[in-house]
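**Q** Could you work out the structure for the sequence below:
(chains A and B)
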Amino acid sequence: MELAELGECLSSVSCIVTQSAAGLTIGMLLFLVASGLTLIFGVLGLVNFAHGSLYMIGAYLALTVHGATQSFALAVVAGTLGTALFGLFFERFLLSRIYGRDVLMQLLVCYAVILILDDLVKIIWGADFRSMGVPEEFRRPPFIIGGGIVPYFYAILFAITAAIAVLLAWGMGRTRFGRIVRAAAINPGMVGALGINTTVIYAAVFAIGAGLAGAAGALSAPIRSVVAGAGVSILIESFIVTVIGGMGSIGGALAAALILGFTRSFGSIGFPLFVEGAMFAMMALVLLLRPSGLGGKRPS
Amino acid sequence: MRDGVLRDAGIATLVLAGFLAVTLGGFGSAGLLDFAIRFATFGLLALSLNLLIGTTGLVSFGHAAYFAMGAYAFGLLMQRAGLSIPLAILLALGCTALLALVVGALCVRLSEIYFAFLTLAFQMLLHSVILSWISLTGGDQGLMGGIPKPPFLGIDLSRPLHLAGFGMACLLVSTVALRQVVRSPFGAALRMLRDNPDRAAFVGLSVYRYRLAAFVIAGTFAGLGGVLMSLYVSGAFPTFAFWTTSGEAIFMIMLGGVTVFLGPLVGVAIFLILNDRITAVTEHHGLFLGIILLVIVLGLRKGLLDFVVDHWRARRGASP
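**A** The predicted structure is shown next:
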């Protein structure tokens, strides 16, 4: 434990700015993954244990497209759409067969898919750590705020992820599709009776959730190393976000993701080896004191 | 019920005698002994997990935490305290039961998805503690330096033959004990909790206490599996507490079946053989195991032994 260093950091503005910038960016990327997970759970009632693998696919697709075109924008678009498409197939051919069945079945199908995807990724892209590196066009001098360093690329990432979050909030809250999705989360039978094809809604929601995970994977490819099996740590972090925020609550997921982002950035100074432990401890605390999470409804 | 115990104990003794006869009679190749130890280790893990999943209906995704706890507690006791093996095993099981009691007290109240999450979370918390408490656990290097194995009662666990016999004996004794748990009124209550917890609460059973008791019992037997594992590899490693170990345990149960008592053991045997065969042929064993699992889950929709038993019952025209 280096708690003294954490205290030192908290007493200097520059250190707070630097760590907060990192915390915000990490938190927003985590939010993208977790919002997909919570959206899928809220509507389909299914815990997608393979969600981290979708993130991984997004990262690898982005890596390949960036290698071929040298365009980060294209890489992110390809990562997002490619993962959404994969999610669509995954939902249609595998998950749709186990709707309404117990958690054990969901767990097993997702576990099988994780095993398969991890190996497929190793076969296609190799087992080594890969990194995209910060793309050429974003290699600019960092912003200096109050003596703290905010890397240019982090600012860009934050802007993109914030835009996606706003788009998601608008789409779910203000559009006809969003209203149908929210209705389907509460009472799918009634939505179906009103002549809306819930099968299509389910598939679309899963594809959107997968796309969000893919986008997060693609966006973080330049700053996090990409490796087969990386999905699991992301999965567990987004589980924690979902549980702290409340299953099915996108607003809660945002709050929880930012809390975890800050825990990670400041924790890496104060208690580097126990960052993950601190996250789990927080989750356990939330589950004990308020099992429904920060923004969730009481579980029935 | 007493007849049941005698019969089960008799069968277990015969199996053990058969195993010892084969191994002592010169047929005990190194491969067979190795397989027997791993079978006993994972058999305990899977069988105890099935007390939760199959009997009580609690889908725990963090069962390997108790496996790891047993392994680390035993390893540390042997390395630091220099106890005799039976005493260290008892103390290690005590530690594991205590951990299961604490985690269970927090978890068993929750509905099933949250239960799966929270058990997983506590397991990963343990994993994280093991990684960060380097002075005690050795961090990601694991518990190094080997585990001393002083002989007791003429049993020398540093010899593979003795270790395999000891492992099989532990497994068989535990199997008989777990079988008694499942067949007792307590076991009947657990099945009632699985099928209809509201009704169980309605007739006056404390859902919380019964689930907690099942959780602690299952955790303790998983801890014994961990003890065998640490004897087998002469150490303990953080991967014991990683989520994949829990995933494999669930996989084994699914290969066998959840409704038949011995199903998990069949699953363990299939898993170990499959894993060895596939690893010998290709490095991409996840790909093959994943596909096999998908076929079983989506095709049969139940464990192999469940499928066989149902099929057999249907052919005999008995009630399903």
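
**Q** okay, which residue is most central for the chain?
**A** Since no chain was named, I'll use chain A. Compute the mean C-alpha point of chain A, and by CA atoms, centre = their mean the closest residue is A:V33, 1.2 Å away.

**Q** looking at chain B here, not the other one
**A** Residue closest to the mean C-alpha point of chain B, counted by CA atoms, centre = their mean, is B:L45 at 1.0 Å.

**Q** B:D195 is in contact with B:G57, isn't it?
**A** Yes. B:D195 is in contact with B:G57 according to CB atoms under 8 Å; the separation is 7.5 Å. Glycine gets a C-beta too; all of them are placed from N, C-alpha and C.

**Q** okay, the two: which has more neighbours?
**A** Remark: of B:D195 and B:G57, B:G57 carries more neighbours, 21 against 10, as counted by other CB atoms under 10 Å in any protein chain shown.

**Q** contacting residues for the more buried one?
**A** B:G57 makes contact with B:E112, B:L193, B:R194, B:D195, according to CB atoms under 8 Å, 6 or more residues apart in numbering or on different chains.

**Q** Equivalent analysis for A:W125, please.
**A** A:Y60, A:L63, A:T64, A:A228.

**Q** which phi and psi does the third one have?
**A** Read that as A:T64. Here is the backbone geometry of A:T64 (degrees, to the nearest 10): phi -70, psi -50.

**Q** what does the stretch 151-300 of chain B put close to chain A?
**A** The stretch 151-300 of chain B comes close to chain A at residues B:243, B:247, B:250-251, B:254, B:284-287, B:289-291, B:293-294, B:297-298, as judged by CB under 8 Å from any CB of the partner chain.

**Q** Of those - the most surrounded one?
**A** Most neighbours among those, by other CB under 10 Å: B:M254, with 29 neighbours.

**Q** Could you dump the contacts of A:W125 into a markdown table and include secondary structure?
**A** Shown next, in a markdown table, are the contacts of A:W125 (DSSP: H, G, I helix; E, B strand; the rest coil):
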| residue | secondary structure |
| --- | --- |
| A:Y60 | helix |
| A:L63 | helix |
| A:T64 | helix |
| A:A228 | coil |
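
**Q** What ranges does the stretch 101-250 of chain B have for its helices?
**A** B:112-132, B:134-137, B:160-183, B:185-195, B:197-202, B:207-233, B:243-256 (DSSP state H, counting those that start in this stretch).

**Q** same question but for chain A, I mixed them up
**A** With helices called from DSSP state H, chain A shows them at A:3-10, A:13-44, A:51-69, A:72-93, A:103-125, A:152-174, A:176-186, A:188-193, A:198-220, A:231-245, A:250-270, A:275-289.

**Q** Pull stretch B:175-187 out as CSV, backbone CA atoms only.
**A** Listed in CSV are the C-alpha atoms of stretch B:175-187, where the atom choice follows Å, rounded to 0.1, in the frame of the first residue of the first chain:
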residue,chain,number,x,y,z
THR,B,175,-19.2,-39.4,-1.8
VAL,B,176,-20.9,-41.6,0.8
ALA,B,177,-21.2,-38.6,3.1
LEU,B,178,-22.7,-36.3,0.5
ARG,B,179,-25.1,-39.1,-0.6
GLN,B,180,-26.3,-39.3,3.0
VAL,B,181,-26.8,-35.5,3.0
VAL,B,182,-28.8,-35.7,-0.2
ARG,B,183,-31.0,-38.6,1.0
SER,B,184,-31.6,-37.2,4.5
PRO,B,185,-34.6,-35.1,5.5
PHE,B,186,-32.3,-32.2,5.2
GLY,B,187,-31.6,-33.1,1.6
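
**Q** Excluding covalently adjacent residues, which one is nearest to the residue nearest to the centre of chain B?
**A** Nearest residue to B:L45 in three dimensions, chain neighbours excluded: B:G225, at 4.3 Å (CB to CB, 6 or more residues apart in numbering or on different chains).

**Q** Relative to A:M105, how far out is B:S174?
**A** Distance, B:S174 to A:M105, by CB to CB, to the nearest Å: 28 Å.

**Q** Pick out the residue in the stretch 151-300 of chain A sitting closest to chain B.
**A** In the stretch 151-300 of chain A, the residue found nearest to chain B is A:L273; the distance is 3.6 Å by CB to the nearest CB.

**Q** That residue touches B:S135, doesn't it?
**A** No. Contact criterion CB under 8 Å: A:L273 and B:S135 do not qualify, at 11.6 Å.

**Q** In the stretch 51-200 of chain B, what residue lies closest to chain A?
**A** Here the stretch 51-200 of chain B gets closest to chain A at one residue, B:S132, 3.6 Å apart by CB to the nearest CB.

**Q** got any ranges where the chain has weak pLDDT?
**A** No chain was given, so I picked chain A. A:1-2, A:296-300 (pLDDT under 70).

**Q** Let me rephrase: I mean chain B.
**A** B:1-3, B:24-28, B:317-320.

**Q** if you skip the residues just before and after it, what's nearest to A:V113?
**A** Nearest residue to A:V113, sequence neighbours excluded (CB to CB, 6+ apart): A:A50, at 4.5 Å.

**Q** again, but for A:G87
**A** A:A210 (2.4 Å).

**Q** Next: B:S48.
**A** Nearest residue to B:S48, sequence neighbours excluded (CB to CB, 6+ apart): B:F221, at 3.6 Å.

**Q** Verify the contact between the one you found and B:V173 for me.
**A** No. B:F221 lies out of contact with B:V173 (CB under 8 Å); the separation is 10.4 Å.

**Q** more crowded one of these two?
**A** B:F221 (30 against 14).

**Q** so how far is A:L107 from the more buried one?
**A** From B:F221 to A:L107 the distance is 21 Å (CB to CB).

**Q** Same check on B:L91?
**A** Distance from B:L91 to A:L107, by CB to CB: 33 Å.

**Q** between these two, who's got more neighbours?
**A** A:L107 (22 against 15).

**Q** returning to that earlier point: so which of the contacts of B:G57 is the most crowded?
**A** For the contacts of B:G57, the largest number of neighbours (other CB under 10 Å) sits with B:L193, at 22 neighbours.

**Q** and the nearest residue to that one once chain neighbours are set aside, what does it touch?
**A** With sequence-adjacent residues excluded and distances taken as CB to CB, 6+ apart, B:L193 is closest to B:A200, at 5.1 Å. Applying CB under 8 Å, 6+ apart to B:A200 gives the contacts B:A189, B:M192, B:L193, B:V207, B:Y210.

**Q** Sounds good, over and out.
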